[in-house]
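Colleague: Pasted the sequence and its predicted model underneath.
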Amino acid sequence: MTILMKIETDGISSEGLRIIRHFTPNWFAATMGTGILGVCLAQFPSVPALYSVGEALWFLNILLFAALTAIYAAKWVLYPADARRILNHPVLSMFFGCIPMGLATIINGFVIFGVPLMGDTAIEIAQALWWLDAVLAVLAGLSIPFAMFTRQQHAIHEMTGVWLLPVVASEVTAGSGALLIPHLAGDGAQFTMLFTSYVLWACSVPLALGILVILFLRMALHKLPPVSMGATGFLALGPIGTGAFGLALFAANSGGVLAARGLGDLASAMAGASLLGAVLLWGYGLWWLAIAIATTASHARGGQLPFNLGWWAFTFPIGVYAVATLRLGQLLAFPLLTWLGAALVAALAMIWIVVSLKTLSGALKGFLFADPCLDN
């Protein structure tokens, strides 16, 4: 084994090996934030320049996801004992959910950007990746909570929004499935993906809403989380925005699929229920958005919000809520929602630029590669 590892590490610098050994899955949050910005920019077909920027971000995200996957795979190959320690960590283990969520943004990109470039091939790739993503999301949603129940130590006063990450992955995949459905060939394939997406949504959103109740109680009893976790306040917006986005897509894309299965009498009722649920979730999200802004402002007072990879929590939740807002504005023909969604996308773009530059700087300096699981 020692000889094999020596062969595998030949040609890798000591700094490269340190980066591999200290790599953690919270880096995949960068693919979530980058991917959702690309999706958001594609929601404005009347502005071709925004679509082009979104397409460029999609390509960038594919490269970023591939690079991060290679580094993390190398850690499991070269340092398996160190890599396994994360399963006992009560915070870092939650970021396993970022892997399928980051992949979901790439799948969405194949539907939005890939079809004009590759035609049906893009849909075939997206469909294959979607099933892989569904497996990864379910694994994260089951294995990490089970590790919480059996091998990790948790306390209510230490809880933050990161508890949501492994759970939310399934509803993110459900939203991607709902987006992909109209592009699939055959009623059978469409219905299978629709049914699976419903189940994935149900395995995620109710549980996430329950976690939000606990998060409310935790903040009422123990006040705000430490400043190092200040950005996690926006994570509460993630399951709400993604849940609303998924329901809005179910409302728009499920009717024909259900009618083809002889369920036409139920199609309009199910679409209406989905749309109502999307509106209600969106309204609930407004409350959490306001709270997230207020808590972040409280932490930032006096410049007390230090940069870390957790700042990517500012991006994806705002992005999915913006996409849900734009989609509802389209379905309801309500210009106010469209303008609000555009404002959220503009804010997301500015936040992404800041966080990306800080992340690039931190990566070049090396201080962002620090696995706390190795402290002991």
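Modeller: Alright, I've got the coordinates. Numbering: from 1, shown residues only.

Colleague: Does residue 26 touch residue 310 like I think?
Modeller: Yes: the pair residue 26 and residue 310 passes the contact test of Cβ atoms under 8 Å, sitting 7.4 Å apart. Every residue, glycine included, has its C-beta placed from N, CA and C.

Colleague: ok, now how distant is the spatially most central residue of the chain from residue 124?
Modeller: Central residue of the chain (Cα atoms, centre = their mean): residue 101, 3.9 Å from the mean position. Per Cβ to Cβ, to the nearest Å, residue 101 is found 22 Å from residue 124.

Colleague: for residue 188, helix, strand, or coil?
Modeller: helix (DSSP: H, G, I helix; E, B strand; the rest coil).

Colleague: Check the offset of stretch 141-151 from the chain's centre.
Modeller: Distance, stretch centre to chain centre, for stretch 141-151: 19 Å (Cα atoms, centre = their mean, to the nearest Å).

Colleague: what comes up buried for it?
Modeller: Residues of stretch 141-151 classed as buried: 141, 144-145, 147-148 (neighbour count, 16 or more other Cβ atoms under 10 Å).

Colleague: Now residue 305: phi and psi?
Modeller: In terms of degrees, to the nearest 10, the main-chain angles of residue 305 are phi -120, psi 90.

Colleague: quick one: contacts for it?
Modeller: When contacts are counted by Cβ atoms under 8 Å, 6 or more residues apart in numbering, residue 305 touches 227, 230-231, 296, 299.

Colleague: Please repeat the previous calculation with a cut-off of 6 Å.
Modeller: 227, 230, 299 (Cβ atoms under 6 Å, 6 or more residues apart in numbering).

Colleague: likewise residue 97?
Modeller: By Cβ under 6 Å, 6+ apart, the residues touching residue 97 are 140, 165-166, 169.

Colleague: What of residue 313?
Modeller: 231-232, 234-235.

Colleague: likewise residue 72?
Modeller: residue 23.

Colleague: What strand or helix carries it?
Modeller: Element membership of residue 72 [criterion: DSSP states H and E] is helix 48-78.

Colleague: Adding pLDDT, write the contacts of residue 97 out as CSV.
Modeller: As requested, the contacts of residue 97 are exported to CSV (pLDDT from 0 to 100):
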residue, pLDDT
140, 98
165, 98
166, 98
169, 98
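
Colleague: now the contacts of residue 313 in a markdown table, with distance to residue 35?
Modeller: Formatted as a markdown table, the contacts of residue 313 follow (distance: Cβ to Cβ, whole Å):
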| residue | distance to residue 35 |
| --- | --- |
| 231 | 18 |
| 232 | 20 |
| 234 | 17 |
| 235 | 17 |
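
Colleague: would JSON lines of those residues with distance to residue 48, secondary structure and neighbour count be doable?
Modeller: Output for these, formatted as JSON lines (distance: Cβ to Cβ, whole Å; DSSP: H, G, I helix; E, B strand; the rest coil; neighbours: other Cβ atoms under 10 Å):
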{"residue": "231", "distance to residue 48": "33", "secondary structure": "helix", "neighbour count": "28"}
{"residue": "232", "distance to residue 48": "36", "secondary structure": "helix", "neighbour count": "26"}
{"residue": "234", "distance to residue 48": "30", "secondary structure": "helix", "neighbour count": "27"}
{"residue": "235", "distance to residue 48": "33", "secondary structure": "helix", "neighbour count": "28"}
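
Colleague: what's the closest of those residues to residue 346?
Modeller: Comparing the contacts of residue 313 against residue 346 with Cβ to Cβ places residue 234 closest, at 16.4 Å.

Colleague: tell me, how many neighbours does the nearest residue to residue 50 once chain neighbours are set aside end up with?
Modeller: For residue 50, ignoring the flanking residues on the chain, the nearest one in space by Cβ to Cβ, 6 or more residues apart in numbering is residue 41 at 4.4 Å. By the criterion of other Cβ atoms under 10 Å, residue 41 has 23 neighbours.

Colleague: how close does residue 41 sit to residue 99?
Modeller: Using Cβ to Cβ, residue 41 is found at 23 Å from residue 99.

Colleague: what does residue 356 give?
Modeller: Going from residue 356 to residue 99 by Cβ to Cβ gives 19 Å.

Colleague: okay, the two: which has more neighbours?
Modeller: Counted by other Cβ under 10 Å, residue 356 and residue 99 do not tie: residue 99 has more neighbours, with 25 against 18.
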